[in-house]
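Enquirer: With the input below, show me the fold.
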Amino acid sequence: MARKPRKEASSQIYHIIMRGNNKQSIFFDDNDRNFFINRLFKYASQLEIHVYAYCLMQNHVHILLGHTPKKILSLFVQKLATSYVYHFNHRYDCSGHLFQGRFKSEPVEDEIYLKNVLRYILRNPENAGICSMKTYTWSSYRELTQTTTATNTKKDFIYSLFGSQHELKNFLEIPDNQNYMEYENKPTLNDDNARIFILKLLKIPNLNILRSVSVEKQLNYLQLLKKHHFSISQISRITGFPRKIIHEA
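Expert: Predicted coordinates:
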C-alpha cells in the first residue's frame, strides 16, 4: 500500500520528529549531541530554513522549523539524517539503519497551536521525568530565555508571538497535558539486540567485565542503562544483576 503524501503547511512551519530505529538510543554522549546540533544548523543555513526550537531526547529528536517549503523539508531531513548516521556508524563501528523509516511531521498552521507545540517541545525532558526544562542542556530553552546565550534559533520570531521574552518564559511554565505527535521513550529492543547495544554503550568487550570492576563503577553502568530507558527486568536478564540492586542504583 502506498504511503500517504506528507501534509503540506501553507504556513511553511512544521513540527518534526526523527526517531531511533526500534526506538533505540541515537545519542551515546555529548559529542554525538553536539555533532547533531552542528549539522542541524549547518543544513538549515544552507537551505535557508528557520529553526525555532529543538530538543534532543535519548531516542528521538523534536525540531520546530519555519520558512520551509514541503519539498525542502524532506531534503533537509535527508541531509541531516545521512550526515549523522555516517558519524554514528563510523564512530561506533556500526552499519545499517539508525533512524526509523520515514520521519514524522505535522503542519503548524495557526499561532495558538504554534505556541503550544513550542512549549511541548521544550517541556519534553520534564514530561519524560528526566529533569526540569530549565536545566536540560540539549534543547533550545536557554537560547530562547536567556539574553546572553549565543543562539542560531530564530528567536526574534518567537518573541514576536509573545510580545517579550518575559511573556514567553511565563507561558512555558504553564503545564500542558496535550500530546503533539507523542512519542514513547521506552526502547523495544529484544534481548539479543539490547546486549549488542549495551556492549557498545558501555564500551566493554563482554558482559563479564561488569563483574570485575568496582562496585562504584558497576552502579555507574547500571545508572547509565536506566538512563537509556532499559527496563529493570531487561537489565537484570542481560547483566545478571538482581533487580533490587538495579532499582537502587
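
Enquirer: quick one: furthest residue from the center of this structure?
Expert: The C-alpha centroid of the chain is most remote from Ser212, which lies 33.3 Å away (Cα atoms, centre = their mean).

Enquirer: Who are the packing partners of the biggest helix by length in the chain?
Expert: Longest helix in the chain, counting residues (DSSP state H): helix 70-92. The contact analysis (3 or more Cβ pairs under 8 Å, 6 or more residues apart in numbering; DSSP states H and E) places helix 70-92 against strand 14-19, helix 30-46. From N, CA and C alone the C-beta is placed, and that goes for glycine too.

Enquirer: Doesn't Lys4 belong to a strand?
Expert: No. Assignment of Lys4 by DSSP: H, G, I helix; E, B strand; the rest coil gives coil, placing it outside any strand.

Enquirer: OK, contacts around it?
Expert: Contacts for Lys4 (Cβ atoms under 8 Å, 6 or more residues apart in numbering) come out as none.

Enquirer: Walking through this protein, point out its strands one by one.
Expert: 14-19, 50-56, 60-66, 104-107 (DSSP state E).

Enquirer: So which of those strands is nearest Arg33?
Expert: strand 50-56 (5.4 Å; Cβ to Cβ).

Enquirer: Who are the packing partners of the closest one?
Expert: Using 3+ Cβ pairs under 8 Å, 6+ apart: strand 50-56 touches helix 30-46, strand 60-66, helix 111-122, helix 155-162.

Enquirer: Pick the most buried one from those.
Expert: Using mean count of other Cβ atoms under 10 Å, the stretch among the helices and strands packed on strand 50-56 with the largest mean neighbour count is strand 60-66, at a mean of 24.

Enquirer: Measure how far that strand is from the centre of its chain, please.
Expert: In terms of Cα atoms, centre = their mean, to the nearest Å, the centre of strand 60-66 is found 9 Å from the chain centre.

Enquirer: correct me, but Ala44 touches Ile63?
Expert: No. Applying Cβ atoms under 8 Å, one finds Ala44 not in contact with Ile63, separated by 9.1 Å.

Enquirer: residues shared between the contacts of these two?
Expert: Val51.

Enquirer: need the helices and strands packed on strand 50-56 in JSON lines with distance to Lys217 and mean pLDDT, can you?
Expert: JSON lines is the format used below for the helices and strands packed on strand 50-56 (distance: least, Cβ to Cβ, whole Å; pLDDT from 0 to 100):
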{"stretch": "helix 30-46", "distance to Lys217": "20", "mean pLDDT": "97"}
{"stretch": "strand 60-66", "distance to Lys217": "29", "mean pLDDT": "97"}
{"stretch": "helix 111-122", "distance to Lys217": "34", "mean pLDDT": "94"}
{"stretch": "helix 155-162", "distance to Lys217": "42", "mean pLDDT": "94"}
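
Enquirer: what's the closest of the ones you listed to Leu207?
Expert: helix 30-46 (23.0 Å).

Enquirer: From the rest of the structure, what touches the closest one?
Expert: In contact with helix 30-46 (Cβ under 8 Å, 6+ apart) are residues 26-27, 49-51, 54, 56, 61, 63, 65, 76, 79-80, 83-84, 87-88, 91, 137-138, 152.

Enquirer: now stretch 97-109
Expert: Counting by Cβ under 8 Å, 6+ apart, 3, 6-11, 13-24, 26, 64, 73, 77, 81, 84-85, 88-89, 114, 117, 180-181, 183 sit against stretch 97-109.
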